[in-house]
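[1] sequence first, predicted model second:
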Amino acid sequence: MLTLIRREIRDNIVYFIFAVVFSAILIALLTAATYNFDWGEPAVYVGLSIPILIILVLGFSAMGVTQMYMDRNRRISAFLSALPVTRSRILTARIVAGLLAILTVLVPLAIAAIVLGRLIAPPIPIFAGYIADILTTVFLMVLACYCLGLLTGWTANKITPTFGALGLNLVLVSLVFVKGFGPDINFLLLLVIVACLVRTWHKFMSTSL
Amino acid sequence: MNDNVIKVENLVKYFDGRCVLNGINLTVPRGCIYGLLGRNGAGKTTIIRILLGTEPATRGRTFLLDTESTNLSPAIRGRIGCVAEGHNLIQSYKVGRLIKLCKDLSLQWNDESFDHLIETFRLPMDRRVKDLSMGMRAQLNLSLAMAIDPELLILDDPTLGLDTVARRQFLELAIEVIQKQDRTILFCSHILSDVERIADRIGILAAGKLVVDCALEQLKERVKKLRVIFPESPPENLYLTEIINQQIQGREMTVTVANWNLQKQAILETFKPSSCTEVPMSMEDIFIECTKPEQEVVTSS
């Protein structure tokens, strides 16, 4: 299994580099925002967070699409399944690699947020809860978009993965902006994640390689 | 434990409503080198893909090493070496990386045998697979399949796309490797001479059916082409079963019959032909006759 995970990481190293760079940019922005936080002008930071979130979501959705599309069109799983490997292991390794890439962005960001929160923020308990809510929702949203990428990427044509994933991601992001962060949207995102993973699993396990 | 390494039971496969395999039954005993022949698109690769579990069957069941193809565990897969049609390797990888990946994923790896093959083939480790010639890809694929010391080796048209020299070199090395170790081999090809060189049992697929399944040396004895001349016009029906092909020209009838025996000879003699001569048939003639539409099934008794 470790070999398969290593293979996935190496094949998608661009996304891991993107994750590291993006994490660094986000931490820098967070630090700047925390030190220069002006209660009168939160709109600047909200405005900045929208494109960041969209780039994050599209980046990981593209990773899911790339993993499945490349596999299908280069027949990587067809080759691997002639080795002592099962399809379930190939897909599990792929999802683990995706999760690791997402955590590469979010774990340093979460640590930075907690540290900055303790150093700078006023000692109000609701503040810590708010950070946790935002991080949980962002994590689930990025994961949901990644799973949508996996689902739409398993095809031979280029239009479905590109526009299918793009459209569905925009619907999800809009939903988060409308509903805001919190348990309601988290529940919805969890449903999307489970549905996408079940469908991807079924497609990957039952179709010709 | 069953002694059949490969077992196919009533296999049916449809692609978009088109029947590609129509009730195939096949067994390959341990230690046998089975040559599966058929024209392009006859369904050879489909059988192999179903056997390996990469393609679902419409009906029927297939078994490799006593395990149903749909449930092949990594432990079973580790005992099977496979050279796929078109040498479907990961094209973007460098040769060295591909070898390392296969080695890391395999359950056993014979370094000595693999290094010997790599040295023989002189494969460049630092080149990408997509930059290798078709011949080199075939050699790399065979080396990877052989490195795990497989109990069962499946070769799906391994010489496809190779020039004559590369094909001969590949086959000679394959024969050398096969002879060293007693293993079961399923060899698919549409090139008759390739199969004839290495197989000891032969199957011919045509129109979705296995029309021939017998030992190689039996094949020439079992399929006979006869030129029969009658005193008057030939009878409309010879009442012979398993006629593969029949042509009438004036008083002369040319008939190809499967599973020829004394009983069939006696039936033919009841028509009192003026003369009956056997037309010599090469393997290629038999293959062409068998792959014509509406053939009968030739099986070993």
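    Right, received. Where do you want to start?

[2] residues near residue B:203, how many?
    When counting by other CB atoms under 10 Å in any protein chain shown, one arrives at 25 neighbours for residue B:203. Every residue, glycine included, has its C-beta placed from N, CA and C.

[3] one more: residue B:27?
    The burial metric for residue B:27, expressed as a neighbour count using other CB under 10 Å, is 17.

[4] which SS state does the residue in chain A that chain B sits nearest to fall under?
    Residue of chain A nearest chain B, by CB to the nearest CB: residue A:84 (3.7 Å). For residue A:84, the secondary-structure state derived from DSSP: H, G, I helix; E, B strand; the rest coil is coil.

[5] now residue B:235
    For residue B:235, the reduced secondary structure class is coil; criterion used: three-state DSSP.

[6] you'd agree it is up against residue B:273?
    No: if you go by CB atoms under 8 Å, residue B:235 and residue B:273 don't touch, sitting 9.8 Å apart.

[7] look at those two and report which has more neighbours.
    residue B:273 (20 against 14).

[8] after the helix or strand where residue B:246 lies, next one along is what?
    Assessed by DSSP states H and E, residue B:246 sits inside strand B:243-249. Counting by DSSP H and E, the element after strand B:243-249 in chain order, helix or strand, is strand B:252-257.

[9] got a list of contacts for that next one?
    The list of residues contacting strand B:252-257 from outside it, by CB atoms under 8 Å, 6 or more residues apart in numbering or on different chains, reads B:223-230, B:234, B:238, B:240, B:242-247, B:264, B:279, B:281, B:289.

[10] which residues does residue B:104 contact?
    The contact partners of residue B:104, taken as CB under 8 Å, 6+ apart, are residue A:3.

[11] just the mean pLDDT for the helix or strand hosting residue B:104, thanks.
    With the criterion set as DSSP H and E, the secondary-structure element containing residue B:104 is helix B:95-105. Averaging pLDDT along helix B:95-105 gives 90.

[12] ditto for stretch B:273-288
    The predicted model gives stretch B:273-288 an average pLDDT of 84.

[13] contacts for that stretch?
    Stretch B:273-288 is contacted by residues B:37, B:192, B:196, B:204, B:212, B:219-220, B:223-231, B:251, B:254, B:256, B:268-269, B:289 when judged by CB under 8 Å, 6+ apart.

[14] now stretch A:145-162
    A:57-58, A:60-69, A:71-73, A:94-95, A:98, A:102, A:164-165, A:168-169, A:172-173, A:192-193, A:196-197, A:199-200, A:203-204, A:207.

[15] what's the closest non-adjacent residue to residue B:54?
    Nearest in space to residue B:54, with sequence neighbours left out and distances taken as CB to CB, 6 or more residues apart in numbering or on different chains, is residue A:209 at 4.3 Å.

[16] quick one: residues contacting residue 53.
    The chain I'm using is chain A. A:138, A:141, A:173, A:176.

[17] my question was about chain B, not that one.
    Contacts of residue B:53 by CB under 8 Å, 6+ apart are A:81, B:69, B:70, B:72.

[18] next, the angle helix B:95-105 makes with the one helix or strand residue A:116 maps to.
    Per DSSP H and E: residue A:116 is located in helix A:87-119. An angle of 100 degrees separates the directions of helix A:87-119 and helix B:95-105 when computed by axes from the mean of the first three to the mean of the last three CA atoms, to 10 degrees.

[19] kindly check the end-to-end length of stretch B:196-204 for me.
    Start and end residues of stretch B:196-204 are separated by 12 Å (CA to CA, to the nearest Å).

[20] can you tell me the average pLDDT over that stretch?
    Averaging pLDDT along stretch B:196-204 yields 83.

[21] run the chain-centre distance for it.
    When distances are taken as CA atoms, centre = their mean, to the nearest Å, stretch B:196-204 is centred 7 Å away from the chain's centroid.

[22] ok, and what's touching that stretch?
    Against stretch B:196-204 from outside (CB under 8 Å, 6+ apart): B:26, B:28, B:32-38, B:171, B:174-175, B:178, B:185, B:187, B:195, B:210-216, B:219, B:283, B:287, B:290-291, B:298.

[23] show me what counts as buried in that stretch.
    By neighbour count with 16 or more other CB atoms under 10 Å in any protein chain shown, stretch B:196-204 contains the buried residues B:196, B:198, B:199, B:201, B:202, B:203, B:204.

[24] any idea which element the fifth one lies in?
    To tie it back to what came earlier, the one meant is residue B:202. Taking DSSP H and E as the criterion, residue B:202 maps to strand B:201-206.

[25] helices and strands around the helix or strand following that strand, which ones?
    Beyond strand B:201-206 on the C-terminal side, the first helix or strand identified by DSSP H and E is strand B:209-215. Under the contact criterion of 3 or more CB pairs under 8 Å, 6 or more residues apart in numbering or on different chains; DSSP states H and E, strand B:209-215 touches strand B:18-29, strand B:201-206, helix B:283-290, strand B:298-299.

[26] any idea how far the residue of chain A closest to chain B lies from residue B:61?
    Using CB to CB, to the nearest Å, one obtains 22 Å as the distance from residue A:84 to residue B:61.

[27] higher neighbour count, those two?
    Comparing residue A:84 with residue B:61 by other CB under 10 Å, the one with more neighbours is residue A:84, at 22 against 14.

[28] for the more buried one, give me the pLDDT.
    Residue A:84 carries a pLDDT score of 87 in this model.

[29] ok, it - contacts?
    Taking CB under 8 Å, 6+ apart as the definition of contact, the neighbours of residue A:84 are B:74, B:75, B:77, B:78, B:105, B:106, B:107.

[30] likewise for residue B:163?
    So, once contact is read as CB under 8 Å, 6+ apart, residue B:163 ends up touching residue B:135.

[31] what's the spacing between it and residue B:175?
    Applying CB to CB, one obtains 19 Å for the distance of residue B:163 from residue B:175.

[32] just residue B:219 next, same as before
    When CB to CB is applied, the distance between residue B:219 and residue B:175 equals 20 Å.

[33] which one's more surrounded, these two?
    Neighbours were counted for residue B:219 and for residue B:175 using other CB under 10 Å; residue B:219 has more, 23 against 13.

[34] state the helix or strand in which residue A:26 lies.
    In this assignment (DSSP H and E), residue A:26 forms part of helix A:13-35.

[35] pLDDT of that helix, averaged?
    Taken as a whole, helix A:13-35 has a mean pLDDT of 85.

[36] and that helix with chain B, contact?
    No: using CB under 8 Å from any CB of the partner chain, we find that helix A:13-35 stays clear of chain B, coming within 12.3 Å at best.

[37] packing partners for that helix?
    Packing contacts for helix A:13-35, counted by 3+ CB pairs under 8 Å, 6+ apart, involve helix A:43-74, helix A:87-119.

[38] now these in a markdown table, with mean pLDDT?
    Conversion of the helices and strands packed on helix A:13-35 to a markdown table gives the following (pLDDT from 0 to 100):
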| stretch | mean pLDDT |
| --- | --- |
| helix A:43-74 | 83 |
| helix A:87-119 | 89 |
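
[39] dig out what the closest residue to residue B:245 other than its chain neighbours forms beta bridges with.
    When the adjacent residues along the chain are set aside, residue B:245 lies closest to residue B:256, with 4.2 Å between them (CB to CB, 6+ apart). Bridge pairing for residue B:256 (DSSP bridges) gives the partners residue B:225, residue B:245.

[40] what about stretch B:32-47 and chain A, any contact?
    No: interface with chain A: stretch B:32-47 contributes nothing (CB under 8 Å from any CB), its closest point being 9.7 Å away.

[41] for residue 208, report the pLDDT, please.
    The chain I'm using is chain A. 79.

[42] please go with chain B instead
    For residue B:208, the pLDDT comes out at 83.

[43] which SS class is residue A:157?
    Following three-state DSSP, residue A:157 is assigned to coil.
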